[in-house]
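Enquirer: show me the folded form of this:
(4 chains)
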Protein chains: 4
Amino acid sequence: MDDKIQAAFEAGIKLGALYHQWVGTPISPETAHTVETAIEKAVGLQPFVTDIKVRIDTGLMVLNSFGYSELAGKMFDVSITTKVGDAVCHAKLALENEYPLMKIISIE
Amino acid sequence: MDDKIQAAFEAGIKLGALYHQWVGTPISPETAHTVETAIEKAVGLQPFVTDIKVRIDTGLMVLNSFGYSELAGKMFDVSITTKVGDAVCHAKLALENEYPLMKIISIE
Amino acid sequence: MDDKIQAAFEAGIKLGALYHQWVGTPISPETAHTVETAIEKAVGLQPFVTDIKVRIDTGLMVLNSFGYSELAGKMFDVSITTKVGDAVCHAKLALENEYPLMKIISIE
Amino acid sequence: MDDKIQAAFEAGIKLGALYHQWVGTPISPETAHTVETAIEKAVGLQPFVTDIKVRIDTGLMVLNSFGYSELAGKMFDVSITTKVGDAVCHAKLALENEYPLMKIISIE
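Expert: The predicted structure is shown next:
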């Protein structure tokens, strides 16, 4: 298997996984950073991940009557780098046309 | 509705929610504390919660060939307090006879 | 422990659990019924549950550019009955003032 | 972007997503098939998926004292096909050396 293809596959796994693991988490602007860190540490444990940055857009949080929100896919701005052999894949999860899109930014 | 009954209901909601939100998270002894904190902050946002403590038993983590584990229900030791009106419910999620049992400890 | 309190606690557990287990699932009006059935069967396995009905409001689904939606808390209309000893608790998860509220309907 | 790389990325996304969406679901040998169908329908909604088969190994279910089990990663046997342009990626999630491994089987 070509290393570039494998690196892209691994990046996809991690983005799909983190999205569905954390969507639904109770969250507020005050707790967002803790959740970002927890996600980064969790994803960082997984094989082939060399870099992971998670930002949650607190501006998209609509607080309910109890004063908190729920982590939604559209709040994510995630940047991940995977490495397999010499191939390096950089991919993102970010809002694009109202859809939380996962896409490959570069692969070398 | 009796406040004690309501407080018990609210405690149940939070324990059921946190279990199914976080089970499956990639975790290791090194990242466990960050996950504990993230769960405590998330649950603390929810209505009627006055106290929440989450401990994850790192001794139960069996590391896979990539050097990490996955958060499982049996690793949880959670203590939660909810308050509705004057009623206070203290409940736990902890391993009992191999089952991650949620139970009420006291209600006043 | 009073059976009524216990029945309410158990109902809360199940509602909290199902919400956070399934929120985020890719869904469409065509697949909603299958997901309803899967949730009913899963919750029906859990202790003290005597009845569970799950309806997902397909009218609230906003299809993305790929033609599907994502299961959100506000789409749920869930009715659950738990029984502990002689106590029977009937509770609901349904949209109320834009919030997916879990509440006890009756306890006997 | 090369279509093969994109197809592999898409396959990874879907496998990572389904794993973390459904792990933790209450399950038994009797309800396994309903969950398999629900997962297949949910994944089938997602872009670029042309085929998805989900089998859950009921032989790995250890029933708790209440008579049910919980969907674990090691129970999955998933086969997925994604297509981007002319590139077709076939990937699997299956138990290998005690680890629920996601891997590319072929790409054309």
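
Enquirer: number of nearby residues for residue A:80?
Expert: 27 (other CB atoms under 10 Å in any protein chain shown). For every residue, glycine as well, the C-beta is placed using N, CA and C.

Enquirer: and it, backbone torsions?
Expert: Dihedral pair for residue A:80: phi -130, psi 140, per degrees, to the nearest 10.

Enquirer: can you give me the buried ones in stretch A:87-101?
Expert: By 16 or more other CB atoms under 10 Å in any protein chain shown, the buried positions in stretch A:87-101 come out as A:87-94, A:100-101.

Enquirer: which other helices and strands contact the one helix or strand residue A:37 maps to?
Expert: Secondary structure assignment for residue A:37, by DSSP states H and E: helix A:32-44. Helix A:32-44 sits against helix A:3-22, strand A:49-56, strand B:26-27, helix B:32-44, with contacts defined as 3 or more CB pairs under 8 Å, 6 or more residues apart in numbering or on different chains; DSSP states H and E.

Enquirer: hmm, try it at 7 Å
Expert: helix A:3-22, strand A:49-56, helix B:32-44 (3 or more CB pairs under 7 Å, 6 or more residues apart in numbering or on different chains; DSSP states H and E).

Enquirer: got a list of contacts for the last one?
Expert: To tie it back to what came earlier, the one meant is helix B:32-44. A:25-27, A:31, A:34-35, A:37-38, A:41, B:14, B:18, B:22, B:25, B:27, B:49, B:52-56, B:58, B:71 (CB atoms under 7 Å, 6 or more residues apart in numbering or on different chains).

Enquirer: what angle do that helix and strand B:49-56 make?
Expert: 160 degrees (axes from the mean of the first three to the mean of the last three CA atoms, to 10 degrees).

Enquirer: list the buried residues for helix B:32-44?
Expert: Those would be B:32, B:34-44, for helix B:32-44 by 16+ other CB under 10 Å.

Enquirer: how near is residue A:106 to residue A:87?
Expert: Using CB to CB, to the nearest Å, residue A:106 is found at 11 Å from residue A:87.

Enquirer: near chain C, which residues of chain A are found?
Expert: Contacts of chain A with chain C, taken as CB under 7 Å from any CB of the partner chain, map to A:20, A:23-24, A:64-65, A:70, A:73, A:97, A:99.

Enquirer: quick one: which of the residues you listed is nearest residue B:4?
Expert: Using CB to CB, residue A:65 is the member of these that lies nearest residue B:4, at 23.7 Å.

Enquirer: that closest one belongs to a strand?
Expert: No - going by DSSP: H, G, I helix; E, B strand; the rest coil, the assignment for residue A:65 is coil, not a strand.

Enquirer: quick check: the gap between the residue lying closest to it once chain neighbours are set aside and residue D:32.
Expert: Distance criterion CB to CB, 6 or more residues apart in numbering or on different chains; nearest residue to residue A:65, sequence neighbours excluded, is residue C:99 at 5.8 Å. From residue C:99 across to residue D:32, the span is 34 Å (CB to CB).

Enquirer: export the helices and strands packed on helix A:32-44 as JSON lines, with columns for distance to residue D:6.
Expert: Listed next are those as JSON lines, based on distance: least, CB to CB, whole Å:
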{"stretch": "helix A:3-22", "distance to residue D:6": "7"}
{"stretch": "strand A:49-56", "distance to residue D:6": "20"}
{"stretch": "helix B:32-44", "distance to residue D:6": "33"}
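
Enquirer: would you format those as TSV with mean pLDDT included?
Expert: Putting those into TSV (pLDDT from 0 to 100) gives the following:
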stretch	mean pLDDT
helix A:3-22	98
strand A:49-56	98
helix B:32-44	98
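
Enquirer: perfect, I'm done here.
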